[in-house]
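J.: Sequence first, then the predicted structure, then my questions.
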Amino acid sequence: MRKKIIAANWKMNMTVGETEGFFKPFLLELGGEKQVEVVIVPPFTSLAKAGEILRNVQNVKLGAQNMSAEKSGAFTGEISAAMLRELFVRYVVLGHSERRTIFGETDEIVNKKTHAAHAATLRPIVCIGETLAERDGNQVEAVLEKQIRGSLAGLSADQLEETVIAYEPVWAIGTGRTATPQQAQDAHAFIRRKLTELWDAATADKVRIQYGGSVKPANTAELMSQPDIDGALVGGASLDPRGFAEIVLATVKLAN
Ligand code: 13P
């Protein structure tokens, strides 16, 4: 059984003050819930504050939105795995479509970062997904396969098990246009088949695959009840503490 994982990708939102304001209502709504893994992914500048607030909270983990593949040195503006570890960060989102399209990150770069994350015992959340033009051109499977082969190249079975994959169709991000549960399930099942082919069935069966793209409280249950959807990477709707708690709790309900 794969434990579902719901993550809040705050993107370039939430100052330190706003981060403080988020946690009180969020933790109150969430209570001691432990059946679903919850990860908050603030901007770098809020990680220390979030880590401080979460120090004695067992059921909410911290993630970062990006990381350098390099260990240290002359890389102005970059953040290393060790810097994140020091702030009690456990997960790192890599290869988000915004990083790929706006900042030119390739599968090769994402792959280097994925290896660097594992080397530092950070768990990568590796994002993949097709654009609308690629979907309309029947390229979904070809694009996903290329991204899987490129971004996850060279991972051992043990490392793959500790990797979360986020399927985020680019056309569903921030658009209010969610993939239908069937579209998402089909993509997730394809991803798992590819992992089986490239690694093995036992390993592929353990990998958690999140869906991302306009997830909100109202569509959570239907998406999360698909057999190969193991969680969500939530953007806009994760900025509202009560709404995000609702997404987590709707997922918990399915586990019972
Ligand atoms: P939205 O939930 O705002 O569509 O963003 C999805 C996403 O990109 C999460 O990483």
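T.: Received the coordinates, thanks. Just so you know, these numbers come straight off a predicted model, no measurement behind them.
J.: residues in contact with Pro25?
T.: Pro241, Arg242, Ala245 (Cβ atoms under 8 Å, 6 or more residues apart in numbering). Where you see a C-beta, it was placed from the backbone N, CA and C, and this is true even at glycine.
J.: How about the first one: what's its closest non-neighbour residue?
T.: The one in question is Pro241. In space, and not counting its chain neighbours, Pro241 is closest to Phe26: 3.7 Å by Cβ to Cβ, 6 or more residues apart in numbering.
J.: Is the lowest-mean-pLDDT helix or strand in the chain positioned near the ligand?
T.: Least confident helix or strand, the chain: helix 132-136 with a mean of 94, by mean pLDDT, DSSP states H and E. No - Helix 132-136 lies out of reach of the ligand by Cβ under 6 Å from any ligand atom, never closer than 13.9 Å.
J.: which residues sit against the helix or strand hosting Glu108?
T.: Taking DSSP states H and E as the criterion, Glu108 maps to helix 107-119. Residues outside helix 107-119 that contact it (Cβ under 8 Å, 6+ apart): 66-71, 81, 92, 94-95, 100, 123-124, 126, 146-147, 149-155, 159, 162-163.
J.: sorry, back to before: so which of the contacts of Pro25 are in helices?
T.: Among the contacts of Pro25, the residues falling in helices (DSSP state H) are Pro241, Arg242, Ala245.
J.: State the number of residues packed around the last one.
T.: Counted with other Cβ atoms under 10 Å, the burial measure for Ala245 works out to 20 neighbours.
J.: tell me the pLDDT at it?
T.: Model confidence at Ala245, expressed as pLDDT, equals 98.
J.: I'd guessed it sits against Lys24; true?
T.: No - using Cβ atoms under 8 Å, Ala245 is not in contact with Lys24; the gap is 11.6 Å.
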